[in-house]
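Novice: no sequence for this one, just the structure:
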């Protein structure tokens, strides 16, 4: 009798778990649909103004604020000279480049010293944010815009902090040394200032460079990589940036500004103590702390995302690299959300506490666990006859269909606005990768993300090495 | 309704949406291709008439007629593009006279009161190309538009039809414009320097808020007329630090004894921003009498003040450079480091940093 009662209770629990999974799925996807709906008018606003001739002229004038470009570099000997040159030659009336050699063990610093004729300058900068020991400051004899800092290894966040200390201007742009920033991206990033909008931080689009033609650091022919792994990530990036982050503009601002390309007001960065040197996702951590700071201070400054300034990045082409990247991203997400748990449903933080944080907690951080529970529960339910096969298949179909629909909409938004992939081949590839994303890729990345929980519990703070093909071979 | 029925409903809706999205996607691509084809056709249709006006074969009659045959949006776009980049101001003015009363121009300018900012912006951009004296009300309406992009777009029309009342309205509205638009309008007012000069001198002599004073000081700085800058000198002792900072900035082009005295006095200001701006101005004005004070500023607690003072000393002839060398040998590490930093710069780099 007892066994039967237990079985009945177990079946009832399974039934409710199944229902819970369905409800979670519907709720989460409804929220994505809302983000999409909010992103459409945002995108149209930006698109209408992005190429206005008048603003283009204005952007080249002294009305835009000076910007310090911060470039943390670790073992980048092969590419550092070219990367820094590309940052120095960005189209912008007033900017400087601050390169930080984060204790590289190769010849990164020597390459910089030799090519840019660096001379050691005294430490004339105030250390507002503490960092690992700085060995020396350098200025270039030939490029007045260039400052280099040689410091002991302390990680990306620590390098950015050293750069923030040395930055002369009130806005700083954090970039990755291996990112290709489009020539006019800084000018486009300055649009909120031209429109008189008070901003604390501006995020912009990162696109996938794999498959594109790159000449002298400029993406001359953007193409979609035909290989499945970079191809699917191209769709993923479009979806994340074109409506994911854009939609958040109308919900109080996203929690993420890509570490590869994000503009910040220096005074706010200094006020919150700079980047968290111990975080593996310092870009998310800094944005949450910035949100909190702005709310606490009652500042009118906002955190915005604008879609047309573009930086190109290389994405993993092997499962091993993808694993390292996704596992680290998810581990960083868990770590950041846990350390800022006081924000969750805290009325003091308004929309951050009631919309953004809970979404990232339930919709991103816990999603892999819920998904696995869903797979298991449906499997067991099918086996025990709690759920029928028709229902399970239909649910699978609907979940795949929803992912496909969202990816398709990302392609629609790309087509009606910036249309970086004009060829018909790329158009069909984007649709094709939207279809196949749900079969294999999704499950593989789910597995990668699941492993991050274990590593987080173990206290793993490693970044892992990203294998790159390099832009030359990409072209 | 069972959960299965709910899922069936969702699946059906989803399928409908997927089909609609796919159709939309293909239609969008097709429309994009057609739109580009139409744009190419418009440019082809205008190529020959454009050549005629550029070679001086006619005054733009053929081009005006060709524009009139295009769709309104295409004609507007082409007029803005051609007028802005391909024609001389005289050619553009001649063409403007010919098209000003064309239906497509009236229609586009008629969008000025629209609730949609991008329509107002389109009207503003066309107005810059076809503006006449009688459009002064329209110009005023658009240059004072609440949307920065519209006000910015219309600013180019100021030169075409300025009169005292328009200039006065623009000067009065400067404090309410976003920084970028304000600076742009200040620059545009340079083409009516006399009118703007009178307006700003009057404005600066009246009691006003900090925001107003800062905006008008900026106008005085851009106009850089002796009268306007003279009106800024008394504000160097204003109680508000932002006003003093703006005054110090503006006075770096005030080559008068009063101006030099005012900025030298600001080197002792209590606020570092004012001191930094004053150090820069002293260097720009070549006030050699201020070298001892600049030497003192090399020991300032603010990095920016030391930096500006160092650059100013490097600009101030042999005596300034000697003071910089003296600072390099100073026991004060801040002064010493800054002097070393500035002395290490090449002339070009120093010039870059001084003007940045």
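Specialist: Looks like it came in fine. Since the structure is predicted, the reported quantities are computational estimates derived from the model, not experimental observations.
Novice: so which residue of chain A comes closest to chain B?
Specialist: Chain A approaches chain B most closely through residue A:196 (2.2 Å), counting by C-beta to the nearest C-beta. Every C-beta, even on glycine, is put in place using the N, C-alpha and C of the backbone.
Novice: Pull the number of nearby residues for that residue.
Specialist: Residue A:196: 17 surrounding residues under other C-beta atoms under 10 Å in any protein chain shown.
Novice: where does the closest residue to it other than its chain neighbours land on pLDDT?
Specialist: What sits nearest to residue A:196 in space, not counting adjacent residues and going by C-beta to C-beta, 6 or more residues apart in numbering or on different chains, is residue B:178, at 2.2 Å. As predicted, residue B:178 sits at a pLDDT of 86.
Novice: sorry, back to before: does the residue of chain A closest to chain B touch residue B:148 like I think?
Specialist: Yes - contact criterion C-beta atoms under 8 Å: residue A:196 and residue B:148 qualify, at 5.0 Å.
Novice: what's the overlap in contacts for these two?
Specialist: Taking C-beta atoms under 8 Å, 6 or more residues apart in numbering or on different chains as the contact rule, residue A:196 and residue B:148 both touch B:177-178, B:180-181.
Novice: Return the closest of those residues with respect to chain A.
Specialist: Nearest to chain A, judged by C-beta to the nearest C-beta, of the shared contacts of residue A:196 and residue B:148 is residue B:178 at 2.2 Å.
Novice: residues contacting the closest residue to residue A:347 other than its chain neighbours?
Specialist: Excluding the flanking residues, the one nearest residue A:347 by C-beta to C-beta, 6+ apart is residue A:353, at 6.7 Å. When contacts are counted by C-beta under 8 Å, 6+ apart, residue A:353 touches A:343-347.
Novice: Just send the shared contacts of residue A:196 and residue B:148 back as TSV, with distance to residue A:177 too.
Specialist: Below are the shared contacts of residue A:196 and residue B:148 laid out as TSV (distance: C-beta to C-beta, whole Å):
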residue	distance to residue A:177
B:177	39
B:178	34
B:180	31
B:181	36
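Novice: closest to residue A:9 among the residues you listed?
Specialist: Of all the shared contacts of residue A:196 and residue B:148, residue B:178 has the smallest distance to residue A:9: 64.5 Å, by C-beta to C-beta.
Novice: Quick check: the closest one touching residue B:149?
Specialist: No - between residue B:178 and residue B:149 there is no contact under C-beta under 8 Å: 10.0 Å.
Novice: circling back: so which of the shared contacts of residue A:196 and residue B:148 is surrounded by the most neighbours?
Specialist: residue B:181 (29 neighbours).
Novice: Now that one: which helix or strand?
Specialist: Secondary-structure assignment from DSSP states H and E places residue B:181 in helix B:179-189.
Novice: could you say what helices and strands that helix packs with?
Specialist: helix A:191-194, helix B:148-154, helix B:164-173, helix B:210-223 (3 or more C-beta pairs under 8 Å, 6 or more residues apart in numbering or on different chains; DSSP states H and E).
Novice: could I get the ones you listed as TSV with mean neighbour count and mean pLDDT?
Specialist: Output for the helices and strands packed on helix B:179-189, formatted as TSV (neighbours: other C-beta atoms under 10 Å in any protein chain shown; pLDDT from 0 to 100):
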stretch	mean neighbour count	mean pLDDT
helix A:191-194	22	81
helix B:148-154	28	89
helix B:164-173	18	90
helix B:210-223	23	94
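Novice: possible to save those as a markdown table with distance to residue B:329?
Specialist: Shown next, in a markdown table, are these (distance: least, C-beta to C-beta, whole Å):
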| stretch | distance to residue B:329 |
| --- | --- |
| helix A:191-194 | 42 |
| helix B:148-154 | 51 |
| helix B:164-173 | 51 |
| helix B:210-223 | 37 |
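Novice: of all these, which lies closest to residue A:287?
Specialist: helix A:191-194 (16.1 Å).
Novice: Please spell out which residues along stretch A:421-440 are buried.
Specialist: Within stretch A:421-440, the residues scored as buried using 16 or more other C-beta atoms under 10 Å in any protein chain shown are A:421, A:426-427, A:429-434, A:437-438.
Novice: Run through those and flag the ones next to chain B.
Specialist: A:427, A:431 (C-beta under 8 Å from any C-beta of the partner chain).
Novice: Which pair of the buried residues of stretch A:421-440 spans the longest distance?
Specialist: A:421 and A:438 (21.4 Å).
Novice: Could you pick out the longest helix of chain B?
Specialist: helix B:3-55 (DSSP state H).
Novice: roughly how far out does that one sit from the chain middle?
Specialist: In terms of C-alpha atoms, centre = their mean, to the nearest Å, the centre of helix B:3-55 is set 35 Å apart from its chain centre.
Novice: Next up, the contacts around residue 127.
Specialist: All of this is about chain A. Applying C-beta under 8 Å, 6+ apart, the residues contacting residue A:127 are residue A:165.
Novice: my bad, chain B
Specialist: Residue B:127 neighbours (C-beta under 8 Å, 6+ apart): B:109, B:112, B:135, B:138-139, B:142, B:154, B:157.
Novice: any idea which of these has the most stuff around it?
Specialist: Among the contacts of residue B:127, the one with the most neighbours (other C-beta under 10 Å) is residue B:154, at 30 neighbours.
Novice: quick one on the thing from earlier: right, and the helix or strand after the helix holding residue B:181?
Specialist: helix B:193-205.
Novice: what's that next one packed up against?
Specialist: Packing partners of helix B:193-205 (3+ C-beta pairs under 8 Å, 6+ apart): helix B:164-173, helix B:210-223, helix B:226-232.
Novice: Outside of the first one itself, list whatever touches it.
Specialist: Among residues not part of helix B:164-173, those counted as contacts by C-beta under 8 Å, 6+ apart are B:136, B:139-140, B:143-144, B:158, B:185, B:189, B:192, B:195-196, B:199-200, B:203, B:216, B:219.
Novice: Now with 7 Å, please.
Specialist: Residues outside helix B:164-173 that contact it (C-beta atoms under 7 Å, 6 or more residues apart in numbering or on different chains): B:136, B:139-140, B:143-144, B:158, B:185, B:189, B:192, B:195-196, B:199-200, B:203, B:219.
Novice: Which single one of the residues you listed is nearest to residue B:354?
Specialist: residue B:219 (23.6 Å).
Novice: can you pull the contacts of that closest one?
Specialist: B:171, B:174, B:186, B:189, B:196, B:200.
Novice: what kind of secondary structure is residue A:148 in?
Specialist: Under the three-state scheme (DSSP: H, G, I helix; E, B strand; the rest coil), residue A:148 adopts strand.
Novice: ok, it touching residue A:138?
Specialist: Yes - taking C-beta atoms under 7 Å as the definition, residue A:148 is a contact partner of residue A:138 at 4.1 Å.
Novice: For residue A:120, list each beta-bridge partner.
Specialist: For residue A:120, the beta-bridge partners are residue A:138 (DSSP bridges).
Novice: remind me which residues of the chain are low pLDDT?
Specialist: Looking at chain A here, since you left the chain open. Within chain A, the stretches with pLDDT under 70 are A:1, A:51-63, A:123-126, A:463-475.
Novice: actually chain B
Specialist: B:1, B:352, B:355-356.
Novice: tally of neighbours for the closest residue to residue B:147 other than its chain neighbours?
Specialist: Among residues not flanking residue B:147 along the chain, residue B:117 sits closest, at 4.2 Å (C-beta to C-beta, 6+ apart). For residue B:117, the neighbour count with other C-beta under 10 Å is 18.
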